[in-house]
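S.K.: Task: produce atomic coordinates for the following.
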Amino acid sequence: MIDKKMIRSRIEELERVAGCDLSNADLDRLEGWFWDGYKTAMPAWAFHQIGNDTAEKRSYKLGQMTRRIQLQRTLCVGRSRVQKK
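M.R.: Purely as a prediction, here's the structure:
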């Protein structure tokens, strides 16, 4: 399960790198964008077309990346190979 506190710290860190200061209201709004991105299935070509020019797009894209990473971990069966004896 994803921790809300961790999400907010990642969004805050992302915006600090972009040179933006956020209030609690801004963090709440951007967290909503994160969850929209996390809950939306999206093909890879569309994901790569999302820009990074606004805070909303960065939060949405962070949600998408988090979704993709969790799906990869969930679907990973392992790298062992079955060999004939």
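S.K.: What is the longest helix along the chain packed up against?
M.R.: As assigned by DSSP state H, the longest helix anywhere in the chain is helix 55-75. Here helix 55-75 touches helix 4-17, helix 24-39, helix 44-49, going by 3 or more CB pairs under 8 Å, 6 or more residues apart in numbering; DSSP states H and E. The way it works is simple: take the backbone N, C-alpha and C, and place the C-beta from them, glycine included.
S.K.: Show me how far the last one is from its chain's centre.
M.R.: If I follow you right, that is helix 44-49. Helix 44-49 sits 14 Å away from the centroid of its parent chain (CA atoms, centre = their mean, to the nearest Å).
S.K.: hang on, the earlier thing: for the longest helix of the chain, what is the average pLDDT?
M.R.: Per-residue pLDDT values over helix 55-75 give a mean of 89.
S.K.: Name the residues of it that are buried.
M.R.: For helix 55-75, a neighbour-count test (16 or more other CB atoms under 10 Å) marks 55, 58-64, 66-67 as buried.
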